[in-house]
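S.K.: 3D model of this:
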Amino acid sequence: QVQLVESGGGLVQAGGSLRLSCAASGRIFSNYGMGWFRQAPGKEREFVAAISWSGSSTVYADSVKGRFTISRDNAKKSVYLQMNSLKLEDTAVYYCAADTRSYGSAGTNRNTYNYWGQGTQVTVSS
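M.R.: Residues are numbered from 1 along each chain as shown. Prediction:
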């Protein structure tokens with residue numbers, strides 16, 4: 001079992017920055033890939049970023065590439081999402097997810113992630 005708890009969400013003006021954190025407990029954190037997803041009102045949950053078990057491989061949605069950075073600290077059993085140059089359309093609930101079945105890799109398909117956090121709200125205002 002894996003438990004995930006997100007933090008760091010909040011209200012920020014357009015152009016500002018936020019750093020989301022996700023703390024994991026349970027299974028050996030360094031063995032699995034991690035991802036961030038988001039869901040805006042009335043929309044499906046969409047992929048944002050993912051990172052492999054070692055941190056050597058990352059992938060981003062086109063909409064956030066160059067603005068968001070995913071990272072992880074296996075010693076602290078945490079994954080982070082640094083969000084810069086925030087836009088109104090970044091407003092959503094952000095979810096941390098773990099994929100414990102893909103041998104440490106992390107992809108863009110939400111169906112491969114088998115553990116999810118409760119989410120943290122990010123609101124970008126004009």
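S.K.: can you pull out the strands in this structure?
M.R.: Along the chain, counting by DSSP state E, strands occupy 2-7, 10-13, 18-26, 33-39, 46-51, 58-60, 68-73, 78-83, 92-99, 115-116, 120-125.
S.K.: Can you list the low-confidence ranges for this protein?
M.R.: For the chain, no stretch has pLDDT under 70.
S.K.: Contact partners for the residue nearest in space to the middle of it?
M.R.: What sits nearest the mean C-alpha location of the chain, by CA atoms, centre = their mean, is residue 36, with 2.1 Å. With contact set as CB atoms under 8 Å, 6 or more residues apart in numbering, residue 36 has these partners: 20, 22, 48, 49, 50, 70, 79, 81, 94, 95, 96, 97. C-beta: built from backbone N, CA, C; applies to glycine.
S.K.: which one of the strands of the chain lies closest to residue 105?
M.R.: Nearest to residue 105 among the strands of the chain is strand 33-39 (5.2 Å), distances taken as CB to CB.
S.K.: and the nearest residue to residue 43 once chain neighbours are set aside, how far is that from residue 1?
M.R.: Among residues not flanking residue 43 along the chain, residue 92 sits closest, at 7.9 Å (CB to CB, 6 or more residues apart in numbering). Look at residue 92 and residue 1: by CB to CB, to the nearest Å, they are 26 Å apart.
S.K.: again with residue 115
M.R.: 8 Å.
S.K.: Those two: which is more packed in?
M.R.: Neighbour comparison, residue 115 and residue 1: the larger count goes to residue 115, with 18 against 7 (by other CB atoms under 10 Å).
S.K.: about what we covered before: and of the strands of the chain, who's closest to residue 107?
M.R.: strand 46-51 (6.2 Å).
S.K.: Surely residue 83 and residue 14 touch.
M.R.: No - the pair residue 83 / residue 14 is not scored as a contact, 11.9 Å apart, by CB atoms under 8 Å.
S.K.: Identify the bridge partners of residue 23.
M.R.: residue 5, residue 78 (DSSP bridges).
S.K.: picking that back up, which one of the contacts of residue 36 has the most neighbours?
M.R.: Neighbour max across the contacts of residue 36 (other CB under 10 Å) = residue 79, 30 neighbours.
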